[in-house]
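Peer 1: Kindly generate the corresponding structure for this input.
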Amino acid sequence: MAAVNSILESLRKDPGFMSCVSRWETLEKRSGKFLPFPADIDPAISGVLKQRGIEKLYTHQARSYETVRKGKNLLVVTPTASGKTLCYNLPVLQGLLEDPEAKGLYLFPTKALAQDQQAELNEIITAGSLPLKAATYDGDTPQSIRVAARETGRIIITNPDMLHSGILPNHPKWIRFLSRLSYVVIDEIHIYRGIFGSHMTNVIRRLRRIAEFYGSSPVFIICSATIGNPAELARRILEDDVEVVDENGAPSGEKHVVLYNPPLVDRVQGIRRGVVLESRRLAARFLEKGVKTIVFARSRVNTELIAGYINRTLASFYTDNHRIRVESYRGGYLPSERRKIEQGLRDGSIQGVVSTNALELGIDIGGLDVSILAGFPGSIASTWQQAGRAGRRNTTSLVILVASAAPVDQYLVTHPDYLFGASPESAYIDPDNLFILISHLKCALFELPFKAGSDFGGPADELLSYLEEEG
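Peer 2: The predicted model follows:
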């Protein structure tokens, strides 16, 4: 924290840096709001949390627990690093302990998030000696483990693609699990917009249809980052009512958000220093001071370029007798490579990372102090998501948006009130789009025959009647 404050002071006194700053906004520190553990929570669970230094729950965690325990569908909308994981882990673990036959299904949009959640659950289950088994079931899961996961897993962690192509078409193999499915967790629901979200709605329709066939009616627990219409999106995807918990009780440290326009290198043509080289220069400056830094790049190529430039710049620079280690993180890496980088960020053996938006989501990558956005991410929501990767709880953090030459970037740095005053974008879907709906109807017909009168949802009744008439 002292290093971050020192960096902030040096930046303010640097005329070269400040001449490029169009806005320096300080978001004040916020205290946390707490409630005691629920009276009915199992001592084994509360004991594990107390071992980890958690003596109370944030208000949104306590409200989430109460909502799920009442059997209501839940939507949690709080910022990055606000403890959303406990919002669903607490009621699910409590419910599974009370009912030895109950099952839970966790859906995450990426494998990295699934693995992160697997590690979190394993720690709680092992530390508390809970008689539960959590298993990841995705494309990286070996065939030898998949059978055991189906048969003995109390919590299955997977992604929408695997649910669509691996679980639902093979539901007879999942009878034991689906017949006692009590909880479905859908994390990062703000990702499910447009075509992706339209497909996701139909996958959930198929899941609920098969669960009903086997006699189960799960409670849905949905988590979202801040977007313009989280409740509308959740209800559209779920096609059911949800209770919204959006009052954030987590504390947050002071955050400094800087809009930075690189210096001109050709005033006649208005050409500025490139976003890649400028992001590299700033990141190296922070890493030299021992400040853990993440850089978000707009493309895989830029990710590799920036990481390579930083490592060459710091090749002979050491802190505490260790060379500063910076890694790139993007799609296309082997699972083992991704896990190694994520672990290195958590344990501190990696001091910096350059990533695409793959690390924008809620993967636990430890406490980072500075987040550099190498270009506008494309939306207000993504900007605040990436900004939220720096700073944890009560620590001071710094976010720098380095503008590229793109017109949108230049508009934002010259009109900073737009970024700080605009609400995050809304997410929209159209699950009843004819092309999408027909594809999922084919899947649903393969999985189960339709009852008299469609049990699928949406305009399926009219569509099936039309297809029957047309032969």
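Peer 1: so what's the nearest residue to Phe17 once chain neighbours are set aside up against?
Peer 2: Leaving aside its sequence neighbours, Phe17 sits nearest to Leu11 (Cβ to Cβ, 6 or more residues apart in numbering; 5.3 Å). For every residue, glycine as well, the C-beta is placed using N, CA and C. Counting by Cβ atoms under 8 Å, 6 or more residues apart in numbering, Leu11 makes contact with 17-18, 258.
Peer 1: Same question for Ser426.
Peer 2: Applying Cβ under 8 Å, 6+ apart to Ser426 gives the contacts 227-229, 232-233.
Peer 1: Now list the buried members of the residues you listed.
Peer 2: Among these, the ones that count as buried by 16 or more other Cβ atoms under 10 Å are 227-229, 233.
Peer 1: Farthest pair within those residues?
Peer 2: Of all pairs drawn from these, the widest gap by Cβ to Cβ lies between Gly228 and Leu233 and measures 9.0 Å.
Peer 1: which residues do those two both contact?
Peer 2: Listed as contacting both Gly228 and Leu233 by Cβ under 8 Å, 6+ apart are 426-427.
Peer 1: rewinding a little: with distance to Arg52, pLDDT and secondary structure added, can I get the buried ones among the contacts of Ser426 in JSON lines?
Peer 2: Shown next, in JSON lines, are the buried ones among the contacts of Ser426 (distance: Cβ to Cβ, whole Å; pLDDT from 0 to 100; DSSP: H, G, I helix; E, B strand; the rest coil):
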{"residue": "Ile227", "distance to Arg52": "30", "pLDDT": "89", "secondary structure": "coil"}
{"residue": "Gly228", "distance to Arg52": "34", "pLDDT": "91", "secondary structure": "coil"}
{"residue": "Asn229", "distance to Arg52": "35", "pLDDT": "94", "secondary structure": "coil"}
{"residue": "Leu233", "distance to Arg52": "32", "pLDDT": "96", "secondary structure": "helix"}
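Peer 1: What's the mean pLDDT across stretch 40-60?
Peer 2: Across stretch 40-60, pLDDT averages out at 94.
Peer 1: Between the two ends of that stretch, what distance do you get?
Peer 2: Stretch 40-60 has an end-to-end distance of 17 Å (Cα to Cα, to the nearest Å).
Peer 1: roughly how far is it from the heart of the chain?
Peer 2: Centroid separation between stretch 40-60 and its chain, computed with Cα atoms, centre = their mean, to the nearest Å, is 23 Å.
Peer 1: That stretch: which residues count as buried?
Peer 2: In stretch 40-60, counting by 16+ other Cβ under 10 Å, buried: 41, 44-46, 48-49, 56-60.
Peer 1: ok, so of the residues you listed, who is nearest Leu93?
Peer 2: The closest of those to Leu93 turns out to be Ile45 (Cβ to Cβ; 5.7 Å).
Peer 1: and the closest one, that one's in a strand?
Peer 2: No - read with DSSP: H, G, I helix; E, B strand; the rest coil, Ile45 is helix and lies in no strand.
Peer 1: For the spatially most central residue of the chain, give me the pLDDT.
Peer 2: The chain has Leu361 as the residue nearest its centroid, 3.0 Å off, counting by Cα atoms, centre = their mean. pLDDT recorded at Leu361 is 74.
Peer 1: Asn357: what's it in contact with?
Peer 2: For Asn357, the contact set (Cβ under 8 Å, 6+ apart) comprises 296, 377, 382, 386.
Peer 1: got the phi/psi numbers for the last one?
Peer 2: Main-chain torsions, Gln386, degrees, to the nearest 10: phi -70, psi -40.
Peer 1: going forward can the numbers begin at 32, since that is how I track them
Peer 2: From this message on, residue numbering opens at 32, which makes the last subject Gln417.
Peer 1: Pull the contacting residues for it.
Peer 2: If you count contacts by Cβ under 8 Å, 6+ apart, Gln417 has them with 327, 388, 391, 402, 404, 408, 430.
Peer 1: Filter these down to just the ones in helices.
Peer 2: In helices, judged by DSSP state H, none of the contacts of Gln417 are found.
Peer 1: Out of those, give me the one that has the most neighbours.
Peer 2: Tallying neighbours with other Cβ atoms under 10 Å puts Phe327 at the head of the contacts of Gln417, with 30 neighbours.
Peer 1: Could you say which helix or strand holds Ala34?
Peer 2: helix 33-43 (DSSP states H and E).
Peer 1: Helix or strand next in line after that helix, which one?
Peer 2: According to DSSP H and E, the helix or strand after helix 33-43 is helix 46-49.
Peer 1: Sort out which residues of that next one are buried, please.
Peer 2: Residues of helix 46-49 classed as buried: Phe48 (neighbour count, 16+ other Cβ under 10 Å).
Peer 1: any idea which helix or strand comes after it?
Peer 2: As the chain continues past helix 46-49, the following element, by DSSP H and E, is strand 52-58.
Peer 1: Show residues contacting that next one.
Peer 2: Taking contacts as Cβ under 8 Å, 6+ apart, the residues outside strand 52-58 that touch it are 283, 285-292, 444-445, 447, 451.
Peer 1: Could you tell me the end-to-end distance of stretch 286-305?
Peer 2: Terminal residues of stretch 286-305 are spaced 26 Å apart (Cα to Cα).
Peer 1: buried sites along it?
Peer 2: For stretch 286-305, a neighbour-count test (16+ other Cβ under 10 Å) marks 286-293, 303-305 as buried.
Peer 1: what is the mean pLDDT for the helix or strand containing Gly135?
Peer 2: For Gly135, the host element (DSSP H and E) is strand 134-138. For strand 134-138, mean pLDDT rounds to 97.
Peer 1: And for stretch 476-490?
Peer 2: The average of the pLDDT scores along stretch 476-490 is 72.
Peer 1: how about the strands of the stretch 232-381 of the chain, start to end?
Peer 2: Counting by DSSP state E, counting those that start in this stretch, the stretch 232-381 of the chain has strands at residues 250-255, 274-276, 286-291, 295-297, 302-303, 324-327, 349-350, 353-354, 357-360.
Peer 1: Could you list every helix and strand in contact with the last one?
Peer 2: It stands for strand 357-360. On a contact count with 3 or more Cβ pairs under 8 Å, 6 or more residues apart in numbering; DSSP states H and E, strand 357-360 meets helix 331-344, helix 366-378, strand 383-386.
Peer 1: Given it, what are its sheet partners and their directions?
Peer 2: Within its sheet, and counting by DSSP bridges, strand 357-360 is paired with strand 383-386 (parallel).
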